[in-house]
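Trainee: quick one, what's the 3D model for this:
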Amino acid sequence: MIRSMTGYARAETQAPWGRISWELRSVNHRYLDLQLKMPEEFRALESELRVQAGAKMSRGKVEAGLRYTREGVNADALELNLDRLRGLKEAMDQVTFELGATTTPDALRVLGFPGIVRQELADFTPLLAEAKKLFEAALEDFSQTRGREGERLGQFLIERCVALEGLVKKVRERYPLVRDQWVEKLKARCADLGVDVEPQRLAQEVAMASQRLDIEEEMSRLISHIAEVRQTLARGESVGRRLDFLMQELNREANTMSSKSQDAEMTRCGVEMKVIIEQMREQVQNIE
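Mentor: Below is the predicted model:
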(Lines give C-alpha, C1' and ligand atoms only; values in the text may rest on other atoms or scores of the structure.)
Protein backbone atom coordinates (compact mmCIF):
# COMPACT_ATOMS: atom_id res chain seq x y z
CA MET A 1 0.00 0.00 0.00
CA ILE A 2 1.33 3.41 -0.97
CA ARG A 3 1.19 6.31 1.47
CA SER A 4 0.89 10.04 1.03
CA MET A 5 3.51 12.31 2.58
CA THR A 6 0.81 14.66 3.84
CA GLY A 7 -1.18 13.80 6.94
CA TYR A 8 -2.46 14.90 10.34
CA ALA A 9 -3.19 13.18 13.64
CA ARG A 10 -3.85 14.14 17.26
CA ALA A 11 -3.89 12.07 20.45
CA GLU A 12 -4.60 13.21 24.01
CA THR A 13 -4.84 11.71 27.46
CA GLN A 14 -5.78 12.98 30.92
CA ALA A 15 -4.41 11.55 34.17
CA PRO A 16 -3.91 12.65 37.79
CA TRP A 17 -0.58 14.22 36.88
CA GLY A 18 -2.17 16.40 34.18
CA ARG A 19 -2.92 16.33 30.44
CA ILE A 20 -0.59 15.51 27.56
CA SER A 21 -1.35 15.65 23.86
CA TRP A 22 0.54 14.95 20.64
CA GLU A 23 -0.17 16.66 17.35
CA LEU A 24 1.45 15.41 14.13
CA ARG A 25 1.32 17.01 10.70
CA SER A 26 3.44 16.55 7.59
CA VAL A 27 4.10 17.92 4.11
CA ASN A 28 6.20 16.78 1.17
CA HIS A 29 9.95 16.45 1.55
CA ARG A 30 12.69 14.61 -0.30
CA TYR A 31 13.77 12.79 2.85
CA LEU A 32 12.39 12.20 6.34
CA ASP A 33 12.70 15.40 8.34
CA LEU A 34 11.21 14.91 11.81
CA GLN A 35 10.93 18.02 13.98
CA LEU A 36 10.08 17.26 17.61
CA LYS A 37 8.72 20.10 19.74
CA MET A 38 8.22 19.27 23.42
CA PRO A 39 8.94 20.54 26.92
CA GLU A 40 12.45 20.02 28.24
CA GLU A 41 11.17 17.45 30.76
CA PHE A 42 10.47 15.10 27.85
CA ARG A 43 13.70 15.57 25.89
CA ALA A 44 15.04 12.27 27.20
CA LEU A 45 12.53 10.55 24.89
CA GLU A 46 13.77 12.15 21.68
CA SER A 47 15.98 9.34 20.39
CA GLU A 48 13.32 6.69 21.08
CA LEU A 49 10.62 8.76 19.39
CA ARG A 50 12.78 9.19 16.29
CA VAL A 51 13.21 5.42 16.08
CA GLN A 52 9.45 4.96 16.41
CA ALA A 53 8.77 7.48 13.66
CA GLY A 54 11.44 6.03 11.36
CA ALA A 55 9.77 2.64 11.55
CA LYS A 56 6.49 4.12 10.25
CA MET A 57 7.67 6.52 7.56
CA SER A 58 10.61 7.18 5.28
CA ARG A 59 9.88 10.56 3.65
CA GLY A 60 8.14 13.80 4.51
CA LYS A 61 8.68 16.88 6.65
CA VAL A 62 6.94 15.92 9.89
CA GLU A 63 6.21 18.25 12.79
CA ALA A 64 5.41 16.45 16.05
CA GLY A 65 4.41 18.66 18.97
CA LEU A 66 3.87 17.54 22.57
CA ARG A 67 1.86 19.68 24.98
CA TYR A 68 1.85 19.05 28.70
CA THR A 69 -0.39 20.91 31.13
CA ARG A 70 -0.95 20.24 34.82
CA GLU A 71 -4.75 20.45 34.59
CA GLY A 72 -6.46 18.82 37.53
CA VAL A 73 -3.24 18.40 39.49
CA ASN A 74 -3.50 18.98 43.26
CA ALA A 75 -1.98 22.34 44.13
CA ASP A 76 -0.11 20.69 47.01
CA ALA A 77 1.80 18.73 44.43
CA LEU A 78 3.26 21.91 42.91
CA GLU A 79 6.05 24.14 44.14
CA LEU A 80 7.88 27.20 42.99
CA ASN A 81 11.42 26.94 41.73
CA LEU A 82 12.67 29.84 43.85
CA ASP A 83 16.14 29.95 42.32
CA ARG A 84 14.60 30.16 38.87
CA LEU A 85 12.10 32.78 40.05
CA ARG A 86 14.84 34.96 41.59
CA GLY A 87 16.88 34.76 38.41
CA LEU A 88 13.84 35.78 36.38
CA LYS A 89 13.14 38.69 38.73
CA GLU A 90 16.70 39.99 38.40
CA ALA A 91 16.43 39.83 34.61
CA MET A 92 13.07 41.61 34.69
CA ASP A 93 14.41 44.32 37.02
CA GLN A 94 17.31 44.94 34.66
CA VAL A 95 15.00 45.16 31.64
CA THR A 96 12.69 47.52 33.55
CA PHE A 97 15.63 49.75 34.49
CA GLU A 98 17.08 49.85 30.97
CA LEU A 99 13.73 50.60 29.33
CA GLY A 100 12.36 52.81 32.06
CA ALA A 101 9.20 50.70 32.26
CA THR A 102 6.78 51.07 35.14
CA THR A 103 4.37 48.19 34.59
CA THR A 104 4.08 45.36 37.10
CA PRO A 105 4.61 41.81 35.78
CA ASP A 106 1.52 39.63 35.54
CA ALA A 107 1.88 36.92 38.18
CA LEU A 108 0.07 34.32 36.08
CA ARG A 109 2.37 34.94 33.14
CA VAL A 110 5.36 34.66 35.44
CA LEU A 111 4.08 31.32 36.70
CA GLY A 112 3.78 30.17 33.10
CA PHE A 113 7.45 30.90 32.40
CA PRO A 114 9.37 27.61 31.82
CA GLY A 115 10.86 26.23 35.00
CA ILE A 116 9.14 28.56 37.48
CA VAL A 117 6.52 26.04 38.61
CA ARG A 118 7.62 22.46 38.94
CA GLN A 119 5.74 19.36 39.81
CA GLU A 120 6.81 17.41 42.83
CA LEU A 121 7.24 14.03 41.23
CA ALA A 122 9.70 11.74 42.88
CA ASP A 123 9.78 9.72 39.68
CA PHE A 124 9.08 11.28 36.27
CA THR A 125 9.39 7.90 34.52
CA PRO A 126 5.63 7.07 34.42
CA LEU A 127 4.91 10.37 32.67
CA LEU A 128 7.64 9.71 30.09
CA ALA A 129 6.26 6.24 29.49
CA GLU A 130 2.77 7.63 28.96
CA ALA A 131 4.08 10.24 26.52
CA LYS A 132 5.87 7.55 24.53
CA LYS A 133 2.78 5.34 24.49
CA LEU A 134 0.60 8.24 23.37
CA PHE A 135 3.09 9.10 20.62
CA GLU A 136 2.83 5.54 19.33
CA ALA A 137 -0.97 5.84 19.20
CA ALA A 138 -0.78 9.19 17.40
CA LEU A 139 1.79 7.76 15.01
CA GLU A 140 -0.46 4.82 14.16
CA ASP A 141 -3.39 7.12 13.43
CA PHE A 142 -1.05 9.35 11.43
CA SER A 143 0.16 6.39 9.35
CA GLN A 144 -3.40 5.28 8.64
CA THR A 145 -4.33 8.79 7.53
CA ARG A 146 -1.40 8.85 5.13
CA GLY A 147 -2.39 5.39 3.92
CA ARG A 148 -5.95 6.44 3.12
CA GLU A 149 -4.70 9.46 1.20
CA GLY A 150 -2.22 7.18 -0.57
CA GLU A 151 -5.06 4.93 -1.72
CA ARG A 152 -6.79 7.92 -3.29
CA LEU A 153 -3.57 8.95 -5.02
CA GLY A 154 -3.06 5.41 -6.28
CA GLN A 155 -6.57 5.31 -7.75
CA PHE A 156 -5.95 8.66 -9.43
CA LEU A 157 -2.75 7.35 -11.03
CA ILE A 158 -4.42 4.13 -12.20
CA GLU A 159 -7.14 6.14 -13.91
CA ARG A 160 -4.49 8.21 -15.70
CA CYS A 161 -2.68 5.03 -16.76
CA VAL A 162 -5.90 3.82 -18.40
CA ALA A 163 -6.22 7.16 -20.21
CA LEU A 164 -2.62 6.94 -21.45
CA GLU A 165 -3.13 3.41 -22.71
CA GLY A 166 -6.18 4.59 -24.65
CA LEU A 167 -4.15 7.35 -26.31
CA VAL A 168 -1.32 4.98 -27.20
CA LYS A 169 -3.85 2.62 -28.81
CA LYS A 170 -5.36 5.49 -30.79
CA VAL A 171 -1.95 6.62 -32.06
CA ARG A 172 -0.96 3.07 -33.04
CA GLU A 173 -4.16 2.61 -35.00
CA ARG A 174 -3.75 5.92 -36.81
CA TYR A 175 -0.06 5.68 -37.65
CA PRO A 176 -0.38 3.25 -40.64
CA LEU A 177 -2.99 5.52 -42.22
CA VAL A 178 -0.77 8.57 -41.73
CA ARG A 179 2.20 6.73 -43.24
CA ASP A 180 0.20 5.68 -46.30
CA GLN A 181 -1.14 9.22 -46.72
CA TRP A 182 2.41 10.52 -46.61
CA VAL A 183 3.45 8.15 -49.41
CA GLU A 184 0.51 9.24 -51.55
CA LYS A 185 1.35 12.90 -50.94
CA LEU A 186 4.95 12.25 -52.00
CA LYS A 187 3.79 10.61 -55.23
CA ALA A 188 1.35 13.42 -55.93
CA ARG A 189 4.06 16.02 -55.30
CA CYS A 190 6.39 14.33 -57.76
CA ALA A 191 3.60 14.21 -60.33
CA ASP A 192 2.83 17.93 -59.85
CA LEU A 193 6.48 18.76 -60.43
CA GLY A 194 6.59 16.54 -63.50
CA VAL A 195 9.38 14.47 -62.05
CA ASP A 196 9.57 10.87 -63.19
CA VAL A 197 10.81 8.98 -60.14
CA GLU A 198 12.00 5.43 -60.53
CA PRO A 199 10.01 2.96 -58.40
CA GLN A 200 13.20 1.76 -56.70
CA ARG A 201 14.22 5.31 -55.81
CA LEU A 202 10.72 6.07 -54.51
CA ALA A 203 10.81 2.92 -52.38
CA GLN A 204 14.13 4.01 -50.86
CA GLU A 205 12.75 7.43 -49.96
CA VAL A 206 9.65 5.88 -48.43
CA ALA A 207 11.77 3.47 -46.39
CA MET A 208 14.02 6.28 -45.09
CA ALA A 209 11.06 8.46 -44.23
CA SER A 210 9.34 5.57 -42.46
CA GLN A 211 12.39 5.11 -40.27
CA ARG A 212 12.41 8.79 -39.33
CA LEU A 213 8.69 8.86 -38.61
CA ASP A 214 8.30 5.44 -37.03
CA ILE A 215 6.92 5.73 -33.49
CA GLU A 216 6.41 2.06 -32.65
CA GLU A 217 9.46 2.02 -30.40
CA GLU A 218 8.18 5.01 -28.41
CA MET A 219 4.72 3.48 -28.13
CA SER A 220 6.15 0.18 -26.92
CA ARG A 221 8.20 1.95 -24.26
CA LEU A 222 5.20 3.98 -23.16
CA ILE A 223 3.19 0.80 -22.65
CA SER A 224 6.13 -0.76 -20.80
CA HIS A 225 6.49 2.24 -18.48
CA ILE A 226 2.74 2.32 -17.81
CA ALA A 227 2.87 -1.36 -16.84
CA GLU A 228 5.78 -0.57 -14.52
CA VAL A 229 3.77 2.22 -12.89
CA ARG A 230 0.96 -0.27 -12.20
CA GLN A 231 3.40 -2.80 -10.71
CA THR A 232 5.06 -0.14 -8.58
CA LEU A 233 1.72 1.03 -7.17
CA ALA A 234 1.00 -2.55 -6.12
CA ARG A 235 4.12 -2.73 -3.94
CA GLY A 236 3.90 -2.33 -0.19
CA GLU A 237 6.89 -0.03 0.26
CA SER A 238 8.11 3.51 -0.30
CA VAL A 239 7.73 4.03 -4.07
CA GLY A 240 7.63 7.80 -4.53
CA ARG A 241 11.13 8.13 -5.97
CA ARG A 242 10.63 5.26 -8.41
CA LEU A 243 7.33 6.72 -9.60
CA ASP A 244 9.00 10.10 -10.08
CA PHE A 245 11.63 8.46 -12.30
CA LEU A 246 8.91 6.69 -14.32
CA MET A 247 7.13 10.01 -14.87
CA GLN A 248 10.33 11.37 -16.41
CA GLU A 249 10.57 8.36 -18.72
CA LEU A 250 6.92 8.65 -19.77
CA ASN A 251 7.36 12.33 -20.55
CA ARG A 252 10.49 11.64 -22.60
CA GLU A 253 8.72 9.09 -24.81
CA ALA A 254 5.68 11.33 -25.25
CA ASN A 255 7.93 14.21 -26.31
CA THR A 256 9.79 12.04 -28.82
CA MET A 257 6.55 10.75 -30.29
CA SER A 258 5.20 14.28 -30.66
CA SER A 259 8.38 15.46 -32.39
CA LYS A 260 7.99 12.71 -35.02
CA SER A 261 4.31 13.38 -35.62
CA GLN A 262 3.30 14.54 -39.11
CA ASP A 263 -0.40 14.49 -38.36
CA ALA A 264 -2.61 16.91 -36.44
CA GLU A 265 -4.58 14.16 -34.69
CA MET A 266 -1.43 12.35 -33.55
CA THR A 267 -0.01 15.66 -32.34
CA ARG A 268 -3.18 16.28 -30.35
CA CYS A 269 -2.84 12.85 -28.76
CA GLY A 270 0.77 13.66 -27.88
CA VAL A 271 -0.31 16.88 -26.17
CA GLU A 272 -2.99 15.02 -24.19
CA MET A 273 -0.39 12.45 -23.13
CA LYS A 274 1.90 15.16 -21.79
CA VAL A 275 -0.97 16.83 -19.92
CA ILE A 276 -1.90 13.54 -18.26
CA ILE A 277 1.72 12.74 -17.41
CA GLU A 278 2.12 16.18 -15.83
CA GLN A 279 -1.01 15.57 -13.74
CA MET A 280 0.48 12.27 -12.60
CA ARG A 281 3.84 13.85 -11.84
CA GLU A 282 2.23 16.49 -9.62
CA GLN A 283 0.47 13.83 -7.56
CA VAL A 284 3.52 11.58 -7.40
CA GLN A 285 5.28 14.38 -5.50
CA ASN A 286 2.89 13.63 -2.62
CA ILE A 287 3.71 9.92 -2.45
CA GLU A 288 6.15 8.62 0.16
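
Trainee: confidence score at the spatially closest residue to L222 that is not a sequence neighbour?
Mentor: Take L222 and drop its neighbours on the chain: the residue closest to it by CB to CB, 6 or more residues apart in numbering is E253, 4.9 Å away. For every residue, glycine as well, the C-beta is placed using N, CA and C. pLDDT for E253: 94.

Trainee: does E253 touch S224 like I think?
Mentor: No - counting by CB atoms under 8 Å, E253 stays clear of S224, with 9.3 Å between them.

Trainee: neighbour count: the two, which is higher?
Mentor: When neighbours are counted by other CB atoms under 10 Å, E253 and S224 differ, and E253 comes out ahead with 22 against 12.

Trainee: ok, now how distant is that one from G18?
Mentor: 60 Å (CB to CB, to the nearest Å).

Trainee: what's the answer for R86, then?
Mentor: Using CB to CB, we find R86 at a distance of 26 Å from G18.

Trainee: what about these two, which has more around it?
Mentor: Legend: neighbour count by other CB under 10 Å for R86 and G18, higher for G18 (16 against 10).

Trainee: for the residue lying closest to that one once chain neighbours are set aside, grab the count of nearby residues.
Mentor: In space, and not counting its chain neighbours, G18 is closest to R70: 4.1 Å by CB to CB, 6+ apart. If you count neighbours by other CB under 10 Å, R70 ends up with 15.

Trainee: neighbours of K132, how many?
Mentor: Neighbours of K132 using other CB under 10 Å come to 14.

Trainee: surely it is in a helix?
Mentor: Yes - the assignment for K132 by DSSP: H, G, I helix; E, B strand; the rest coil puts it in a helix.

Trainee: thought it was touching E46?
Mentor: No - the pair K132 / E46 is not scored as a contact, 10.7 Å apart, by CB under 8 Å.

Trainee: in this protein, where is pLDDT below threshold?
Mentor: 71-78, 101, 108, 111-112, 115-123, 180-213 (pLDDT under 70).

Trainee: now the strands for it?
Mentor: Remark: strands assigned in the chain by DSSP state E are 7-15, 18-27, 32-37, 60-69, 78-80, 117-119.

Trainee: now those strands as a markdown table including distance to L153?
Mentor: Below are the strands of the chain laid out as a markdown table (distance: least, CB to CB, whole Å):
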| stretch | distance to L153 |
| --- | --- |
| strand 7-15 | 12 |
| strand 18-27 | 14 |
| strand 32-37 | 19 |
| strand 60-69 | 14 |
| strand 78-80 | 48 |
| strand 117-119 | 45 |
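
Trainee: how far away is the nearest residue to R25 once chain neighbours are set aside from A64?
Mentor: The shortest distance from R25 to any non-neighbouring residue, by CB to CB, 6+ apart, is to Y8 (4.8 Å). In this view, Y8 and A64 are 11 Å apart by CB to CB.

Trainee: before I go, just wanted to say thanks for your time.
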